[in-house]
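[1] here is a sequence together with a model predicted from it:
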Amino acid sequence: MGFEAVIGLEVHAQLATESKIFCACSTGFGAPPNENTCPVCTGMPGVLPVLNRKAVEFAIRTAVATSCRVQSRSVFARKNYFYPDLPKAYQISQYELPLAVSGHIDIERNGTTRRIGITRIHLEEDAGKLVHAGAFAGAQTSLADLNRCSVPLMEIVSEPDIRTPEEGGAYLRRLRDILVYLEVCDGNMEEGSFRCDANVSVRPRGQKEFGTKAELKNMNSFRNVEKALEHEIRRQIELIEDGGAVVQETRLWDADAGVTVPMRGKEEAHDYRYFPDPDLLPLHIDEAWVEELRKTIPELPGEKIARLASRYGIPRYDAELLSSSRLLADFFEASAAAFGGNPKVTANECIQWKEAIVAGRLSPETIAHVVEDRETGTISATASKTLVEAAIGTGKPVRQIRDEKGLTQISDAGALEAIADKVIAGNPKEVESYRAGKTGLLSFFVGQIMKETRGKANPRMVQEVLKAKLG
Amino acid sequence: MAAIPVHEWTLLDAARAVREREVSSRELTRALLERIDRMNPRINAYITILPEQAMREAAARDEELAAGGARGPLHGVPVALKDIFCTKGIRTTCGSRILHDFDPPYDATVTGKIREAGAVLLGKQNMDEFAMGSSTETSWFGPARNPWATDRIPGGSSGGTAAAVAAGTCFAGVGTDTGGSIRQPASLCGVVGVKPTYGRVSRYGMIAFASSLDQGGPIARTVPDAAAVLGVIAGHDRRDSTSVDVPVPDYLAATGRSVKGMRVGLPREYFAGGLDASVRTAVEKALGALVSLGAEGVEISLPHTEYALSTYYIIGPAEASSNLARYDGVRYGYRTEGAKGLIEMMSRTRGEGFGAEVKRRIMIGTYALSAGYYEAYYGKAQKVRTLLRRDFQEAFAGVDVILTPTAPTPAFRIGEKVDDPLTMYLSDIYTIPCNLAGIPGISVPCGMSPDGLPIGAQLLGRHFDEEAILAAAAAIEREIPLPRVAPEEG
């Protein structure tokens, strides 16, 4: 019997605001413990939260970019539980009435488009961090660092529309790219600013009802999400095929062992006693604000990929690689505009030098000049790599480096013919063997010319000249 | 004025005398500190007294005045705060063991405004633990006593503040009112107490009991004194999202307004069973005073009144159960000794740090918010709250203010109701609907019981119409002269 998986993903994205969601403390990463705190985010008696407008703006822009409907009224609620990293003993989140609902993201897989629904987007605050002194098990003391307390998070919940781990990965990457394009989140999964939990169930193909789901946590990279989903789907199918049943529970992904392990069962689930936070008024968002923010939405990854592929005639795969970063795609377009040769070559260069480009250590002119010089035969492919590396290192204009290092190649047909004549005259035996059919000797002649020109001859032209002369 | 002892002066007289340099702030402050020394052992109205600090502040105010500058309307005037308002570097206990040693690193907005107005802070006043009570008997620091009869309760939860004002130990105090905690003790101690419109006074730094009901307000010996203090503490605060950006009118001027033509609503539900005869008589006298000045009494109905108490005892505890969850011994306040493990530390800290009434309300509130019960309790209570609010809206379409008793009886004896929470809760039956509706209310003295105990009348007004209730209360005060400082041998 064939099974299919039903997967829904919950993403927690840390918003790239400068200050926290309910106080003016910095969200900066890497400050000494408890430096970025104040009476409000440490839950002192009598303090009150004040909502950060920027965080709301970021959430609205995300909602618009994922075709969600922004609700005119949403409500912050308290999620109550005791834990030392949660100083108020409740987390302010949105529960019954989230900021936005009913959106979607399109992902392209093997030439077809899949639409993954988005159930809701809501805002909430992060908790602090505990550091356990000594080994985790049996640690005698724990230290609390509340710097992360009240850092704004946006939770994006997908519909259970995802059917395979690869689709899950593609959805996550696309969502991450959208958030990064919008500059609302840095998208860094390893540092925890983009976190993902998954709800997974399996059902016999053709069945409408969902199977019993397990919730997966602790997956800290895209690859790990895919691996955890693969493992969990296999585990559930095997369980059912062996006559067992999936139990509703929360499971942790153990990346080292490559397995998911039970964390807590349904009966251990907390009663969070949600209720509307009386310290915050309902959040009213009018249509005019949404429309104003809609104008700030840049071209998004899906549109960009399609446009680059069609406008520049480059392969879709290249367009995807270029669009993985808004900066890289812009750089590519600037380079292509600076030299109107074959965009495919420009695309290759941009992909090759992505790291330096994203780091801001290359200018579009550098790539344009290199591509142009290669097309005119002024430099070789090898020289091109040397030149770009030197440009990254020194910051000098690439053509200046080219001339200083003498990396121009000889592409003057007349000059090359003269050298070829000289080489042919100097090696009669080899010429004879070549003409007798030992055509492999061509590389010998090429080598001789390269030696004569100290490697500056245009190799393609050298071959052409030699072939013509040796007949 | 020399004939009247300093502790009996009104706040406005004291402020004028300092401003006109007839008396120094140091003289006033010293006189009141001496008064506190004499009276506090009898009434236990203060948890923390600040003699050195108050004298230093008074000296600074005197210097500022000599240099030609008064800070504001309360310049050099000694006042005190209920121990629920955070005071930077000054212990703020909320009447609880769990905060018995808590020194806030910040001032509440009210604290800041009192200081900016130039007032001198004498101390922090006793209260029911976390403002949960109607008698100030639940304080970890022992019960406060009514200066009119020290075997009786001063009311609560702002009982320390009302007792302190009635005993002449400060010119005014700021209390908080969640279900009557300013008005009921003001009534029982024969002083004036104002619960402003929800959102009128910032809650920032005011330790939360029930966030959607809590509101700070003045307790003073006269209506104009209370109006002056209200003018200082009212106003929008960015740090409190529920504070409202409505201009602060001249409350003092409102106390001089005529009540001629004012329509005074008398809700029949507030004059039904359970109302003490002496209280009824006194409140009727207050109505008579208003009518004699040209106001008109109108019988009205607030039909959902009977549901107010049960609604309040769902919403208040529900919010409290969440607000008080932060007191877990992790970062500040009381922490139990020798606990093994986190859960034991938190459980024992809370078990030992909170008193019985607070625990009772945390449990009621936790239950009311639990999965499966939320709709039946909290959800239902919110709906009833809307109906109560509508009752008032409809009533105010026909009347300008509503007149009721503040409390059903004069002050009862210490210990009389402390073991019977339901009877105790009934003390607030007339004050609670006002908090649920978010409207302003005031209690003004209007008579004495045959036992010589003060009785207050309550006036309720439209949202942000404190002026109407101040005008009516001031009129009653002028028409029914009563002693405002309790006799020494109460």
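    Looks like it arrived, so ask away.
[2] list the buried ones in the helix or strand where B:G351 lies?
    Secondary structure from DSSP states H and E places B:G351 in helix B:342-353. Going by neighbour count (16 or more other Cβ atoms under 10 Å in any protein chain shown), the buried part of helix B:342-353 is B:342, B:345-350, B:353. C-beta coordinates here come from the backbone N, C-alpha and C atoms, glycine included.
[3] can you list contacts of stretch B:383-403?
    With contacts defined as Cβ atoms under 8 Å, 6 or more residues apart in numbering or on different chains, stretch B:383-403 is touched by B:262-267, B:283, B:286-287, B:290, B:297-298, B:300-305, B:307-308, B:311, B:315, B:433, B:436-439, B:457-462, B:468-469, B:472.
[4] separate out the buried members of these.
    Among the contacts of stretch B:383-403, those buried by neighbour count (16+ other Cβ under 10 Å) are B:262, B:264-267, B:283, B:286-287, B:290, B:297, B:300, B:302, B:304-305, B:307-308, B:311, B:315, B:433, B:436-439, B:457-462, B:468-469, B:472.
[5] check these against chain A, which are close?
    When Cβ under 8 Å from any Cβ of the partner chain is applied, no member of the buried ones among the contacts of stretch B:383-403 is adjacent to chain A.
[6] quick check: closest non-adjacent residue to A:D126.
    Among residues not flanking A:D126 along the chain, A:V151 sits closest, at 4.3 Å (Cβ to Cβ, 6 or more residues apart in numbering or on different chains).
[7] same question for B:V18.
    Spatial nearest neighbour of B:V18, chain neighbours left out: B:G76 (3.8 Å); criterion: Cβ to Cβ, 6+ apart.
[8] so the one you found touches B:L65, yeah?
    Yes: B:G76 sits in contact with B:L65 when judged by Cβ atoms under 8 Å, with a separation of 6.7 Å.
[9] give me the common contacts of the two.
    Common neighbours of B:G76 and B:L65 (criterion: Cβ under 8 Å, 6+ apart): B:18-19, B:25.
[10] any chance of these in TSV, plus secondary structure, pLDDT and neighbour count?
    Below are the shared contacts of B:G76 and B:L65 laid out as TSV (DSSP: H, G, I helix; E, B strand; the rest coil; pLDDT from 0 to 100; neighbours: other Cβ atoms under 10 Å in any protein chain shown):
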residue	secondary structure	pLDDT	neighbour count
B:V18	helix	97	27
B:R19	helix	95	15
B:S25	helix	98	29
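[11] pLDDT of the helix holding B:G351, averaged?
    Here helix B:342-353 scores 95 as its mean pLDDT.
[12] give the helix, strand or coil label for the closest residue to chain A within chain B.
    When scored by Cβ to the nearest Cβ, chain B has B:A325 as its residue closest to chain A, at 3.4 Å. Under DSSP: H, G, I helix; E, B strand; the rest coil, the three-state class of B:A325 is helix.
[13] ok, now B:A411?
    coil.
[14] that one: what's it in contact with?
    B:146, B:148-149, B:152-155, B:188-189, B:453-454.
[15] which stretches of the stretch 151-300 of chain A form strands?
    With DSSP state E, counting those that start in this stretch as the criterion, the stretch 151-300 of chain A has strands at A:152-158, A:194-204, A:214-219, A:249-254, A:259-265, A:275-276, A:283-284.
[16] same thing with the stretch 301-450 of chain B?
    B:401-405, B:441-448.
[17] pick the most buried one from these.
    Ranked by mean neighbour count under mean count of other Cβ atoms under 10 Å in any protein chain shown, the strands of the stretch 301-450 of chain B are led by strand B:441-448, which reaches a mean of 29.
[18] mind listing the strands that strand pairs with, and their directions?
    Looking at strand B:441-448 with DSSP bridges, its partner strands are strand B:192-195 (antiparallel), strand B:454-461 (antiparallel).
[19] tell me which helix or strand comes right after the shortest one.
    Yep, that's strand B:192-195 we're talking about. Later in the chain than strand B:192-195, the nearest helix or strand by DSSP H and E is strand B:215-220.
[20] report how many residues lie close to the closest residue to A:R264 other than its chain neighbours.
    Spatial nearest neighbour of A:R264, chain neighbours left out: A:T250 (5.1 Å); criterion: Cβ to Cβ, 6+ apart. A:T250 is flanked by 18 other residues according to other Cβ atoms under 10 Å in any protein chain shown.
[21] same question for A:I401.
    Residues near A:I401, counting by other Cβ under 10 Å, number 19.
[22] pretty sure it contacts A:L387?
    Yes: with contact defined as Cβ under 8 Å, A:I401 reaches A:L387; the gap is 5.7 Å.
[23] give me the common contacts of the two.
    Common neighbours of A:I401 and A:L387, using Cβ under 8 Å, 6+ apart, are A:L407.
[24] and A:A356, how many neighbours does it have?
    Neighbour count of A:A356, defined by other Cβ under 10 Å: 16.
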